[in-house]
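**Student:** Next come a sequence and a model predicted from it.
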Amino acid sequence: MPEPVGKIRVQCEVNGRSMKLEAFPMARLLDALREQAGLTGTKEGCGEGECGACAVELDGKLVNSCLVPVLHAGGARIRTIEGIASGQQLHAVQRAFLTHGGAQCGICTPGMILAALNLLERNPRPTESEIREGLAGNLCRCTGYVKIFESVVEACRDMVR
Amino acid sequence: MGTRVIGTSVPRKEGREKVTGRARYVDDLVFPGMLFAVTVRSPLPRGRIRKIHFEGNIPWDEFTVVTAKDTPSKNCVALILEDQPCLAEETVNHPEEPIVLLAHPDKYLLEEARRAVRVEIEPLPPIFTMDDSLARKHVIWGEDNIFKSFHVEKGKVDAVWSSAEFIVEGEYSTGAQEQLYIEPQGMIAQASPEGVTVWGSLQCPYYAHKALVRLFGLPKDKIRVVQTETGGGFGGKEEYPSMIACHAALLAWKSGKPVKMIYDRAEDMVATTKRHPSQTRHRTAVSREGKILAMEIDFTIDGGAYATLSSVVLSRGTIHAAGPYDCPNVRIRSRAVATNSPPHGAFRGFGAPQSVFALERHLDRVAAVVGLAPDELRRRNFIREGQTLAVGQVIRENVDMGRLMDRALDLSGYHAKRKQFREQNSRTAIKKGIGFASFLHGAGFTGSGEEYLASEAAVQATRDGRLQILAGSTEMGQGTNTVFAQIAAETLGLDCEQIEVLQPDTALVPNSGPTVASRTTMIVGKLVESATRKLQQVLFESGLLKPGYNAKDFAAACQQHLDKFGPLRSFCKYEHPPDLHWDDETYQGDAYGAYAWATYVAEVSVDTRTAEVRVEDFVAVQEVGRVINPVLAAGQIEGGVAQGIGFALYENVVWQEGRMINGQMTNYIMPTSMEVPPIRVFFDEIPYDRGPAGAKGIGELPLDGTAPAIANAIANATGVDIVRIPVTPEVLIEMIESVHA
């Protein structure tokens, strides 16, 4: 029988700050962020990569952190919801979600905002169908998505201004 | 109307915390020395528990283990009845029924331990269908498997059949639906001989409070329930959180440590409540002119293994079964039956979406038989002010359903599209259709419910001139905090920033009743408005505040008043309007203080090769009294319509031996951003004089009319008689083939 693998240490950058995570190699990045880094803004909705509540950016790509092993985070740049605002100053996407009703119960909001931001950084002027597609990996049970689309359109206007 | 804050879309009160990830949900809280917890559940639908084995290579002495024997007072989750045990003791009555609770500091070991508990159960014969339950194939609950039945009678139904020009019959059914809030259920408990405190994701702190009082046999002031930020409820966090509160508290009680119990998605889906499956039979007599002469409605819902809220779900479903129509002769018989599946429970709409689906689908079929357009049949039968509902309630609202329907039909281009689609469909494999549903939804508890609840709310002033609202009503995304703040701000002539809504905590806030039944804005909001007005009056009478004041004057007056007289607080308790009467025995009277009225129009396309249905456009027109916050109100309707689309098309609970076997988001499909159409929401605002600033209830309404509008549109597109939902492609193919067979 092979030796059981012990905990590993990975060094990564989370929201611009260097951080050491210590966990079993296949431990979920989601748990490491929440429990070790104390970044509880990243939520668990399903644990199987369906709902997107745990979405974070890993080296600029949107990933479901419930499906990413800590092992993969070594040397990576990670961005979570806590790293979006600049101090007290909300990001345009956050502002738009706040004023356009994009957040209701708030549990999908961190993942949804990261998905929106990731979309707008790749594509600053998305069409309606590109917005729908860009958010298709993030489930929301409250809004029916209409106010989320409106928030993204508003954020888009604000960002190109 | 000259309002400053009411009618404006002030941003959500707790919105900043939500968009920055700072809002704290139950799983985000960490207590020192906290244990984690899991539940060992029944593998069988029904049986006698013989023995519990703790097996495997598990250090069992490190675990806190709780079984039914550890319940300090009564082993039940007290709700309306006390038939549901907190932990199964001698028998199990549904798959996934909780039997053993485990707590340990190590989450991973805990999961291994859960799998190492083996419960030996001697099987008993189960019941899985409403028909078998009604036939009493086995008696599994009470004497006859019936949790509750109702009989509503108006006029002389039996005298009509022989002379009616048309008699139309139909049978309809709806499936279970999972609430699927994105935040799974969870609780943290702390307990000592001095008392029990739980924090968690819930809609009704005082339900959990009642259940804990009964379970522990402690005085009310020794039990404290605190709501944490709640990531969606939709009814799913009405009654079930009481169960988890009891479980976490038992483990905390036994271990002496804080205990966190969070369900994962699969457990949440298979073990907690869902919308009641239903079966409805209609028999309708219609005159040559298209006037409905008699309606006979038979409505059955599947309650699952324990009574929970089935009696009240049945009540609302029964009262809404005859819709917004004037019919002189109505008979409704209904019952909630027991089966060996997990109890079905509250889900937005609460029985009405089931019976409204049947009625609105049926009326399209009635129209076809009579030879009238669907809108014309309804127009000839809509109820008006002064006419009576099936339960004998005289409508006192200035309602014009005909006008509301026409507005919805105009906005959706209904008439032109109906014609256009008829011409196009013969030439294409993708058939288009348009359909609608007209409906009403009563706000607040049914009948004498509000009188019985006798809800309270309070407000208090702080030294720096803020007004704090104390209510047991919870924010779960629907906007309680913001709407309450707007109501108080409007009353005082202040801005929303000066109003603070305190976290629901039974140690601090009065019992405002449960946050359900579209009652929070209309009923509790009115209490907030009255309490605020009283507080303002106290300041006026003290001479410290004078009309025409500004925020600074208000702050100064509060400070002086607090210095001089101590705490400045005012309470308001619900008083039932003396002209609203209800008889629980005859089930006659004023069922609800007010109704919301609506017509929803759905446009669909059906790919006849794949039987896939897409909703292409959706128009929702409703009269809901004064709209307090247009963005929040539209958000309620849009979200409800999306859930209704899921109910109609996608959300299919697959049952096997009483257990949901597709308990994952991978195979239980809710609408994503790709499936929702543009949802166009319109409000007709007729201020309701008993609501705060004229508002009525809104939350549940959109679940009632969405599914039948879609089903009617599919029928229009395909000519297939849709009699059950969800209309998954598999179901539709079967229906299309049976038409061509």
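**Tutor:** Nice, I can see it. Residues are numbered from 1 along each chain as shown, chains lettered A, B, ... in the order given.
**Student:** Please identify the helix or strand for the spatially most central residue of chain A.
**Tutor:** By CA atoms, centre = their mean, chain A has its centre lying nearest to A:V56, at 2.8 Å. A:V56 is located in strand A:55-58, with elements delineated by DSSP states H and E.
**Student:** partners of that strand, with directions?
**Tutor:** strand A:61-64 (antiparallel), strand A:77-79 (antiparallel) (DSSP bridges).
**Student:** Can you tell me what sits against the longest one?
**Tutor:** Looking back up the chat, that one is strand A:61-64. Residues from elsewhere that reach strand A:61-64 (CB atoms under 8 Å, 6 or more residues apart in numbering or on different chains): A:L29, A:G49, A:G52, A:C54, A:A55, A:V56, A:E57, A:L114, A:A115, A:N118, A:G137. Using the backbone N, CA and C atoms, a C-beta is placed for each residue, glycine as well.
**Student:** Adding pLDDT, write those residues out as TSV.
**Tutor:** Formatted as TSV, the contacts of strand A:61-64 follow (pLDDT from 0 to 100):
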residue	pLDDT
A:L29	98
A:G49	97
A:G52	98
A:C54	98
A:A55	98
A:V56	98
A:E57	98
A:L114	98
A:A115	98
A:N118	98
A:G137	98
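**Student:** what's the helix or strand for B:G170?
**Tutor:** strand B:166-174.
**Student:** What count of nearby residues applies to the nearest residue to A:T40 once chain neighbours are set aside?
**Tutor:** Residue nearest to A:T40 in three dimensions, not counting chain neighbours: B:D28, with 3.8 Å by CB to CB, 6 or more residues apart in numbering or on different chains. The number of residues packed near B:D28 is 18, by other CB atoms under 10 Å in any protein chain shown.
**Student:** next one: the one 3 residues further on
**Tutor:** Other residues near B:F31 number 15, with proximity taken as other CB under 10 Å.
**Student:** gap between the nearest residue to B:N511 once chain neighbours are set aside and B:G513?
**Tutor:** Excluding its sequence neighbours, the residue lying closest to B:N511 (CB to CB, 6+ apart) is B:Y206, at 4.6 Å. Look at B:Y206 and B:G513: by CB to CB, to the nearest Å, they are 8 Å apart.
**Student:** What helices and strands are in contact with the helix or strand hosting B:Q279?
**Tutor:** Assigned by DSSP H and E, B:Q279 belongs to strand B:278-286. Where contact means 3 or more CB pairs under 8 Å, 6 or more residues apart in numbering or on different chains; DSSP states H and E, strand B:278-286 is packed against strand B:166-174, strand B:292-304, helix B:352-370.
**Student:** Pick out the residue in chain B sitting closest to chain A.
**Tutor:** Chain A sits closest to B:G21 of chain B, with a gap of 2.1 Å, by CB to the nearest CB.
**Student:** Could you chop chain A up by domain?
**Tutor:** A:8-82, A:92-160 (automatic domain parsing).
**Student:** Quick one: end-to-end distance for the last one.
**Tutor:** With CA to CA, to the nearest Å applied, domain A:92-160 spans 10 Å between its terminal residues.
**Student:** Is chain B within reach of that domain?
**Tutor:** Yes - counting by CB under 8 Å from any CB of the partner chain, chain B has neighbours in domain A:92-160: A:94-95, A:97-110, A:113, A:131-133, A:135-136, A:138-149.
**Student:** re earlier: helix/strand/coil for the residue nearest to B:N511?
**Tutor:** Judged by DSSP: H, G, I helix; E, B strand; the rest coil, the three-state class of B:Y206 is helix.
**Student:** Poorly predicted segments of the stretch 301-450 of chain B, please.
**Tutor:** Across the stretch 301-450 of chain B, nothing is flagged by pLDDT under 70.
**Student:** quick one, helices of it?
**Tutor:** Taking DSSP state H, counting those that start in this stretch as the test, the helices found in the stretch 301-450 of chain B are B:310-320, B:352-370, B:374-379, B:401-412, B:414-425, B:449-453.
**Student:** Dump the contacts of strand A:61-64 into a markdown table; add distance to B:F683 as well.
**Tutor:** Formatted as a markdown table, the contacts of strand A:61-64 follow (distance: CB to CB, whole Å):
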| residue | distance to B:F683 |
| --- | --- |
| A:L29 | 44 |
| A:G49 | 38 |
| A:G52 | 31 |
| A:C54 | 36 |
| A:A55 | 34 |
| A:V56 | 38 |
| A:E57 | 39 |
| A:L114 | 33 |
| A:A115 | 30 |
| A:N118 | 35 |
| A:G137 | 32 |
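**Student:** now, among those residues, which is nearest to B:I244?
**Tutor:** A:C54 (21.9 Å; CB to CB).
**Student:** now chain A, which segments are flagged as low pLDDT?
**Tutor:** Using pLDDT under 70, chain A drops low at A:1-4.
**Student:** Pick out the least confidently modelled helix or strand of chain B, by mean pLDDT.
**Tutor:** Across the helices and strands of chain B, mean confidence by mean pLDDT, DSSP states H and E is lowest for helix B:729-740: a mean of 88.
**Student:** How about that one, which residues are buried there?
**Tutor:** B:V731, B:L732, B:M735, B:I736 (16 or more other CB atoms under 10 Å in any protein chain shown).
**Student:** Without its sequence neighbours, what residue ends up closest to the second one?
**Tutor:** Think B:L732. Counting by CB to CB, 6+ apart, the residue nearest B:L732 is B:A611, at 4.1 Å.
**Student:** Helices of the stretch 1-150 of chain B, residue ranges please.
**Tutor:** Counting by DSSP H, counting those that start in this stretch, the helices of the stretch 1-150 of chain B are B:15-20, B:107-115, B:130-134.
**Student:** Redo those as TSV? Include mean neighbour count.
**Tutor:** Output for these, formatted as TSV (neighbours: other CB atoms under 10 Å in any protein chain shown):
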stretch	mean neighbour count
helix B:15-20	23
helix B:107-115	16
helix B:130-134	19
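**Student:** residues contacting residue 109?
**Tutor:** Looking at chain A here, since you left the chain open. Neighbour list for A:T109: A:I81, A:F97, A:G102, A:A103, B:K18, B:V19, B:G21 [criterion: CB under 8 Å, 6+ apart].
**Student:** ah, I was thinking of chain B
**Tutor:** Neighbours of B:L109 in contact, by CB under 8 Å, 6+ apart: B:I58, B:P59.
**Student:** could the helices of the stretch 301-450 of chain B be laid out in TSV, adding distance to chain A?
**Tutor:** Formatted as TSV, the helices of the stretch 301-450 of chain B follow (distance: least, CB to the nearest CB, whole Å):
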stretch	distance to chain A
helix B:310-320	20
helix B:352-370	16
helix B:374-379	25
helix B:401-412	16
helix B:414-425	21
helix B:449-453	24
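**Student:** and the residue lying closest to B:T388 once chain neighbours are set aside, how many neighbours?
**Tutor:** Leaving aside its chain neighbours, B:T388 sits nearest to B:V394 (5.3 Å; criterion: CB to CB, 6+ apart). B:V394 is flanked by 11 other residues according to other CB under 10 Å.
**Student:** Contact partners for B:V394?
**Tutor:** By CB under 8 Å, 6+ apart, the neighbours of B:V394 are B:G386, B:Q387, B:T388.
**Student:** Can you list which of these are found in strands?
**Tutor:** Assigned to strands by DSSP state E, none of these qualify.
**Student:** Which of those are buried? Put it as a ChimeraX command.
**Tutor:** For the buried members of the contacts of B:V394, the matching ChimeraX selection, counting by 16+ other CB under 10 Å, is:
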select /B:388
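**Student:** Chain neighbours aside, what residue packs nearest to B:R614?
**Tutor:** Spatial nearest neighbour of B:R614, excluding adjacent residues (CB to CB, 6+ apart): B:S605 at 5.1 Å.
**Student:** What's the separation between the one you found and B:W199?
**Tutor:** Counting by CB to CB, the gap from B:S605 to B:W199 is 47 Å.
**Student:** More neighbours: which of those two?
**Tutor:** Each of B:S605 and B:W199 has its neighbours counted (other CB under 10 Å); B:W199 has more, 25 against 18.
**Student:** Name the residues that touch the strand or helix carrying the more buried one?
**Tutor:** Using DSSP H and E, B:W199 sits in strand B:195-200. With CB under 8 Å, 6+ apart as the contact definition, strand B:195-200 has outside contacts at B:26, B:29, B:185-191, B:208, B:212, B:216, B:218, B:221-228, B:241, B:244-245, B:248-249, B:252-253.
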